[in-house]
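> Build me a model from this:
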Amino acid sequence: MIVLIVAGVLFLVTVAALALYVLALRAYHRVFDRPSPRPPYDKSPLKIDQTTIFGKGKNWFYTNRMDFVDLQITSFDRIKLAGYYRPADNKKNRTVIILIHGWRDHPSDMGAYAQMILQQTDCHILIPHLRAHGMSQGRFIGYGLYDSQDIVSWVRFMERQLGTPVKIILYGRSMGATTALLAAASRKLSLSVSGIIADSPFSSLEKQLMNTFRYKYHVRGRLFIKLIGRIAQSRIGFPIQRATVLPVASRIKLPVLMFHGAEDTFVLPEISEDIYDRLACPKRLVIVDKAKHVMGFDASPVKYTDEVRKFLKVCKVV
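Residues are numbered from 1 along each chain as shown. Below is the predicted model of the structure:
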């Protein structure tokens with residue numbers, strides 16, 4: 001009888017463990033898999049929702065698509081990365097703004113920022129397709145850890161194209177903001193980079209997954225997230241615990257401007273506050289009232305634009 005009870009318990013434990021692994025495997029694919037297949041060619045959407053400033057910016061981008069040249073470079077791990085490049089009207093201009101889109105976004109989602117900046121100053125605009133997004137190759141999302149090294153490569157590419165000296169600003173939102181911060185913390189950026197604008201960054205992939213898990217299912221899910229991390233390590237060699245800004249934020253010496261929406265429930269405002277507290281550089285954090293995730297520009301365009309203008313002056317690029 002005891003043997004049967006023990007066998008039954010072991011069977012139930014095995015089934016539960018297998019079910020947990022299957023769920024973690026599905027979550028792993030959701031987190032890391034490329035959002036959509038790489039398209040055979042780049043094309044504009046048939047319809048663009050223009051109810052927000054970002055939709056209008058996307059429409060502006062495709063209206064002016066011919067002003068953007070298609071670029072391609074090879075990453076450190078030998079994948080092809082694509083980018084949109086708009087040269088400054090004055091070819092002798094020495095300022096480059098690199099706009100870095102977020103998780104499951106498209107580079108055209110950065111059109112509103114490009115339009116806003118070009119209304120302030122003539123400059124070169126580069127919008128990379130992050131790995132596993134858009135026209136770039138890559139089978140899994142890099143969450144800033146791999147992408148930050150791609151941005152280092154893009155910086156070097158622009159230096160070769162334009163010649164030095166140049167002044168470069170990295171401007172990212174959400175995962176793109178985390179990417180910009182990690183690139184600055186890597187100490188691999190050249191002196192050409194003059195500042196970082198980070199809109200709604202997450203501080204840690206592990207912590208972000210736990211926050212999302214808690215928000216959706218009202219449980220912490222720490223062990224579940226650890227299991228996802230082990231699957232990622234074994235399948236694609238991704239060290240999930242290293243995709244974090246907090247331990248390296250103090251290495252950043254460039255001026256940093258941060259934005260975060262006060263009503264952001266996806267990446268909580270205190271995440272930016274934690275990063276901000278650890279920065280040991282000229283810095284400013286702007287919490288935008290009534291703004292959800294990455295919607296600060298849409299919620300308060302005048303204030304947002306004014307903050308960007310002041311920061312560009314601090315970095316001496318306008």
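
> Now do the buried residues in the strand or helix carrying Tyr84.
In this assignment (DSSP states H and E), Tyr84 forms part of strand 80-86. Across strand 80-86, burial judged by 16 or more other CB atoms under 10 Å covers 81-86. (C-beta placed from N, C-alpha, C; glycine too.)

> swap in stretch 198-218?
Buried residues in stretch 198-218, counted by 16+ other CB under 10 Å: 198-213.

> Among those, which lie within helices?
If you go by DSSP state H, the buried residues of stretch 198-218 have 205-213 in helices.

> Among those, name the least confidently predicted one.
In this model, the minimum pLDDT among those belongs to Phe213 (82).

> separation between the residue lying closest to that residue once chain neighbours are set aside and Tyr28?
Sequence neighbours aside, Gly221 is the residue nearest to Phe213 in space, at 3.8 Å (criterion: CB to CB, 6 or more residues apart in numbering). Distance from Gly221 to Tyr28, counting by CB to CB, to the nearest Å: 13 Å.

> Let's verify Ile97: helix, strand, or coil?
Under the three-state scheme (DSSP: H, G, I helix; E, B strand; the rest coil), Ile97 adopts strand.

> Ile240: what's its closest spatial neighbour, skipping adjacent residues?
In space, and not counting its chain neighbours, Ile240 is closest to Gly229: 3.8 Å by CB to CB, 6+ apart.

> list the helices and strands the one helix or strand Glu307 maps to packs on?
Per DSSP H and E, Glu307 falls inside helix 301-314. Under the contact definition 3 or more CB pairs under 8 Å, 6 or more residues apart in numbering; DSSP states H and E, helix 301-314 sits against helix 111-120, strand 193-199, strand 256-261, strand 283-288, helix 296-299.

> Return the distance of that helix from the chain's centre.
Centroid separation for helix 301-314 versus its chain: 21 Å, with CA atoms, centre = their mean, to the nearest Å.

> How about stretch 35-49?
19 Å.

> any low-confidence regions in the stretch 201-318 of the chain?
217-219 (pLDDT under 70).

> ok, the residue nearest to Ile240 touching Gly237?
No: counting by CB atoms under 8 Å, Gly229 sits too far from Gly237 to count as a contact (11.9 Å).

> which of those two has more neighbours?
Gly229 (21 against 8; other CB atoms under 10 Å).

> possible to save the buried residues of strand 80-86 as JSON lines with pLDDT and distance to Gly138?
Output for those, formatted as JSON lines (pLDDT from 0 to 100; distance: CB to CB, whole Å):
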{"residue": "Leu81", "pLDDT": "98", "distance to Gly138": "8"}
{"residue": "Ala82", "pLDDT": "98", "distance to Gly138": "11"}
{"residue": "Gly83", "pLDDT": "98", "distance to Gly138": "14"}
{"residue": "Tyr84", "pLDDT": "98", "distance to Gly138": "17"}
{"residue": "Tyr85", "pLDDT": "98", "distance to Gly138": "20"}
{"residue": "Arg86", "pLDDT": "98", "distance to Gly138": "24"}
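
> Which one of the residues you listed is nearest to Thr52?
Tyr84 (20.6 Å; CB to CB).

> mind checking how far the closest one is from Lys167?
Remark: distance between Tyr84 and Lys167 (CB to CB) = 20 Å.

> Could you do Arg309 as well?
16 Å.

> Then Glu206?
On the measure of CB to CB, Glu206 and Lys167 end up 35 Å apart.

> ditto for His260
Distance from His260 to Lys167, by CB to CB: 26 Å.

> His124 now?
With CB to CB as the criterion, His124 and Lys167 are 10 Å apart.

> Between these two, which is the more surrounded one?
His124 (22 against 19).

> Once you drop chain neighbours, what's closest to the more buried one?
In this structure, His124 finds its nearest non-sequential neighbour in Val96, 4.4 Å apart by CB to CB, 6+ apart.

> who does that neighbour bridge with?
His124, Ile168 (DSSP bridges).

> give me the number of residues near it?
The tally of other residues near Val96 (other CB under 10 Å) stands at 27.

> Over to the one 3 residues further on?
The number of residues packed near Leu99 is 26, by other CB under 10 Å.

> That one contacts Ala114, doesn't it?
Yes: taking contacts as CB under 8 Å, Leu99 lies within contact range of Ala114: 6.1 Å.

> who touches both of those two?
125, 127 (CB atoms under 8 Å, 6 or more residues apart in numbering).

> quick one on the thing from earlier: give me the common contacts of His124 and Lys167.
95-96.

> ok, and the closest non-adjacent residue to Trp23?
No Trp there; residue 23 is Leu. For Leu23, ignoring the flanking residues on the chain, the nearest one in space by CB to CB, 6+ apart is Phe224 at 7.6 Å.

> Revised request: answer the last question for Ile98.
Ile98 sits nearest to Leu126 (CB to CB, 6+ apart), 4.8 Å away.
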